[in-house]
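> Here is the input, now give the coordinates:
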Amino acid sequence: MNTGKYPHLKVFFAFWFMPFAVGLVAGPVIFVAMVARLFANPRTLGEVHGLELWAVFISTPVMAQLIYLLPALGFALFVTLRRFRKGRSAYKTIALSGGTVAFVWLALLTYLVMRDSEVVWFISNGLPLMAAFLIGALGSGLMAVIALPEPSGACEVPVR
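Residues are numbered from 1 along each chain as shown. Next up, the predicted model:
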């Protein structure tokens, strides 16, 4: 039986730095999209230097962590203090809460930036908000699968 203590630090830091991990995955996707956009319009090839293009691999995780620093801290505290363990209900709860946190935080930031604009900000930014929810839910769910400890009553099967 797994009767060890709950790994508070491991779970806390895994969920606090989850935006950085999602940024590491998003970096190559953004890089490929930028290269495809550059080659689609040949006039733009001379406007972007190679170092600017490769900086996406560093800037995407860092900016994701900086933008989501406070909500990730709150979410990490939520997951750690609730002492979730591996299981379907924990995965669902964490994924839905992580997506909601990402959606609400991006909606708040969008509102703060566009509050003086004449455009209705929610309708014009619906797709990025939905994308934030989906990416937050997927990232949180995968981090839950990776970082949460086994249930305390689970039998450990020896590997032969």
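
> Could you use CA atoms for every contact and neighbour count after this?
Will do.

> right, and the helix or strand after the helix or strand bottoming out on mean pLDDT in the chain?
Using mean pLDDT, DSSP states H and E, the weakest-scoring helix or strand in the chain turns out to be helix 121-124, at a mean of 68. For helix 121-124, the succeeding helix or strand toward the C-terminus, using DSSP states H and E, is helix 126-147.

> can you list contacts of that next one?
Residues outside helix 126-147 that contact it (CA atoms under 8 Å, 6 or more residues apart in numbering) are 10-11, 14-15, 18, 22, 86, 90-92, 94-103, 106-107.

> Now, those residues that are in helices?
10-11, 14-15, 18, 22, 90-92, 94-103, 106-107 (DSSP state H).

> which stretches of the chain have low pLDDT?
1-4, 44-49, 118-123, 153-160 (pLDDT under 70).

> Restricted to buried residues, select the contacts of helix 126-147 in PyMOL.
To isolate the buried members of the contacts of helix 126-147 in PyMOL, using 16 or more other CA atoms under 10 Å:
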select buried, resi 11+14+15+18+22+86+90+91+94+95+96+97+98+99+100+101+102+103+106+107
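
> If anything else comes up later, I'll come back, but that's it for now.
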